[in-house]
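[1] pasting the structure only:
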């Protein structure tokens, strides 16, 4: 799959109030990987407007992650590079889905879910074959679950949000693994909350590009990695 | 210092080709902290144009972090909220400086260095008193060193870039600590590379807001923290 002349095309799904580190932790590993490897990045949203991080802005007032008690002036924005209607995205090799408080907004994330479902459907029916890998971080698993694509698969998600993710449409037919830093089932990689996504991405980097590439990225990041079965957080929520 | 009615005003210095996780790792801790605490965030740049992450865009072509071999289409952008000329920033309580390949561009980072020097000077002479805390991540220490403010202080920086940081103006009079996840000297906190900034920020959170606040942020992030003296990376560069 790794080819020196054909780039590996990586796409990240964006939505309002995604969690910063869900996006930029794994992206940091990919940023370092991109120094040596031929990869491209698309940051995909409903339009090209700046996407809010960890909270949404409504009527000019920031809405806190967990209600109105949050500081009103604490927000960041990331710029998309593509929209869901861009046909070029049909040929993505890798699709990543971050999590965050915004996943709880089913309406705001429906365009992302619809787009993901179309990509997954193309996996079996279209000549382009769909993505080679699907990776979700944290509650990003809820978006992939809502497409139905996780039915019958092993997957994991944020341990603090475990019960909520299991409650979304189609999620009842997923085998949710309660204690795992991340889970691999075929071409689907799902991680536990926030930081776990970066451990997963470094493992994925090793899987695709080899140990030298993943260790170079990890050391450059000075990242204190956990293994796939190391999950110190499941127990905190009665899941281990 | 922590006051329920007066917000703690936090400002982040931005410059082209800053490193993603240097910014968004510590910010993730602050994003979670902002749910309960009265804090504000300013993301400060020379203007309000999007700021490139991990690489710069020149003449429409992305310039790789470490030369022209990098993938040309792998970049992200973050939006500033303030410029260096905004007088309201004179009253910031906390100033953070990320690192990244962009720190090597002395011209592009000079506006940030000049602005930092003015803040540091105000620490002793102006009624507003200057910032209560200065924190740098990774090679962000080089910007603070160039102001002269680190002279005679203990500090640390990215271990892979240790020799380069020691070579910038005024850096020869700094006591650079070769083996440390982060270093605290008075109101100046400096961390080792990339991920170390988040460990430092969680420790700073404990220092200012207490253990419960820092542990809540760490657990929500599912962050595998290292302690101040845990530095598995110094030895890799012959520094331990």
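    Cool, the structure landed. Just so you know, these numbers come straight off a predicted model, no measurement behind them.

[2] can you map out the helices along chain A?
    Under the criterion DSSP state H, helices of chain A are mapped to A:20-33, A:106-125, A:140-146, A:162-165, A:196-209, A:211-220.

[3] how about the last one: buried residues?
    Buried positions in helix A:211-220, judged by neighbour count with 16 or more other C-beta atoms under 10 Å in any protein chain shown: A:213-214, A:216-220. C-beta: built from backbone N, CA, C; applies to glycine.

[4] point out where chain A drops to low pLDDT.
    Along chain A, segments meeting pLDDT under 70 span A:1-5, A:56-73, A:122-129.

[5] what's the closest non-adjacent residue to the residue minimising distance to the centre of chain A?
    Centroid-nearest residue in chain A, with C-alpha atoms, centre = their mean: residue A:97, separated by 2.5 Å. Nearest residue to residue A:97 in three dimensions, chain neighbours excluded: residue A:140, at 3.7 Å (C-beta to C-beta, 6 or more residues apart in numbering or on different chains).

[6] is it true that the one you found touches residue A:102?
    No - look at residue A:140 against residue A:102 with C-beta atoms under 8 Å: they stay out of range, at 10.0 Å.

[7] more neighbours: which of the two?
    For residue A:140 versus residue A:102, neighbours defined as other C-beta atoms under 10 Å in any protein chain shown are more numerous around residue A:140 (30 against 25).

[8] sorry, back to before: contacts only, for the residue nearest to the centre of chain A.
    A:12-13, A:112, A:116, A:134-137, A:140-141, A:143-144 (C-beta atoms under 8 Å, 6 or more residues apart in numbering or on different chains).

[9] if we can go back for a sec, if I look at the residue nearest to residue A:97, how far off is residue A:191?
    From residue A:140 across to residue A:191, the span is 8 Å (C-beta to C-beta, to the nearest Å).

[10] before we move on, back to that, so for residue B:45, which of the helices of chain A sits nearest?
    Counting by C-beta to C-beta, residue B:45 lies closest to helix A:20-33 out of these; the figure is 17.5 Å.

[11] between the closest one and helix A:211-220, how many degrees?
    If you take axes from the mean of the first three to the mean of the last three C-alpha atoms, to 10 degrees, helix A:20-33 sits at 120 degrees to helix A:211-220.

[12] helix A:20-33 and chain B in contact?
    Yes - against chain B, helix A:20-33 shows contacts by C-beta under 8 Å from any C-beta of the partner chain at A:20-21, A:23-25, A:27-28, A:30-32.

[13] would you confirm that residue A:133 contacts residue A:93?
    Yes - between residue A:133 and residue A:93 there is a contact under C-beta under 8 Å: 7.1 Å.

[14] need the residues touching each of those two.
    Counting by C-beta under 8 Å, 6+ apart, no residue touches both residue A:133 and residue A:93.

[15] quick one: the strands in chain A, in order.
    Counting by DSSP state E, chain A has strands at residues A:8-13, A:39-45, A:51-53, A:56-58, A:61-63, A:76-78, A:82-83, A:94-97, A:133-136, A:154-155, A:175-176, A:182-185, A:188-191.

[16] and the residues of helix A:20-33 next to chain B, which are buried?
    Counted by 16+ other C-beta under 10 Å, the residues of helix A:20-33 next to chain B give A:20-21, A:23-25, A:27-28, A:30-32 as buried.

[17] and residue A:12, how far is that from residue A:181?
    21 Å.

[18] count the neighbours of the residue nearest to residue A:79 when sequence neighbours are not counted for me.
    Leaving aside its sequence neighbours, residue A:79 sits nearest to residue B:77 (C-beta to C-beta, 6+ apart; 4.3 Å). Neighbours of residue B:77 under the rule other C-beta under 10 Å: 17.

[19] what does the one 4 residues further on give?
    Taking other C-beta under 10 Å as the neighbour definition, residue B:81 ends up with a count of 19.

[20] residue B:42 is in contact with that one, correct?
    Yes - using C-beta under 8 Å, residue B:81 makes contact with residue B:42 at a distance of 5.5 Å.
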